[in-house]
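> got a structure for you, letters missing:
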């Protein structure tokens, strides 16, 4: 009986090993390197944060219909930045009004390529969050007088 099991094992094991080797050969492997954890260097706007906000406020052009309304608040925006620094997706997480949100998206689309995030000197895709303060109408005039 022991010999029967021994012979069975000797003949069956090579069959299963060959089957496993063959099935793995059909798997396509992605050549992308996967990193876990935060990037060593976050994606950044050329010239830094000051240049980023100067660019935003210089290019914002709200319609006259809302320029005179008393609106004050912050627009929260998420940007997806690819490994080449291009903004690939814009999401308004919390907006103020549809026209303000649309104008923010328009200005973000005008932005030049960013400096991409990196891990171990390898450019990676990343998400960057922006908070854009907005003050309009008589509230803006009061703020300027302070």
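Right, received. Where do you want to start? Everything quoted here is computed from the prediction, not taken from an experiment. Numbering: from 1, shown residues only.
> hey, let's count contacts and neighbours off CA atoms from now on
OK.
> Looks to me like residue 132 is in a helix.
No - per DSSP: H, G, I helix; E, B strand; the rest coil, residue 132 lies outside any helix segment and is strand.
> Could you give the bridge partners of it?
Residue 132 has these beta-bridge partners by DSSP bridges: residue 75.
> Just to check, it is in contact with residue 72?
No - with contact taken as CA atoms under 8 Å, residue 132 and residue 72 are classed as non-touching, separated by 10.9 Å.
> Show me where this structure has its helices.
2-24, 48-59, 64-67, 98-110, 138-145 (DSSP state H).
> Lowest mean pLDDT across those helices, which one is that?
Of all the helices of the chain, the minimum mean pLDDT falls on helix 2-24 (a mean of 46).
> check contacts around residue 99.
The neighbours of residue 99, taking CA atoms under 8 Å, 6 or more residues apart in numbering as the test, are 62, 63.
> next one: the one 3 residues further on
If a contact means CA under 8 Å, 6+ apart, then residue 102 has no contacts.
> can you do 10 Å?
62, 92, 95, 108 (CA atoms under 10 Å, 6 or more residues apart in numbering).
> Against residue 96, how distant is it?
Distance of residue 102 to residue 96, given as CA to CA, to the nearest Å: 10 Å.
> For the closest residue to residue 87 other than its chain neighbours, give the beta-bridge partners.
Once flanking residues are discounted, residue 87 sits nearest to residue 81: 4.5 Å by CA to CA, 6 or more residues apart in numbering. For residue 81, the beta-bridge assignment (DSSP bridges) gives partners residue 87, residue 126.
> Could you double-check that residue 81 sits in contact with residue 91?
No - judged on CA atoms under 10 Å, residue 81 makes no contact with residue 91 at a distance of 12.0 Å.
> quick one: which of the two has more around it?
Each of residue 81 and residue 91 has its neighbours counted (other CA atoms under 10 Å); residue 81 has more, 24 against 14.
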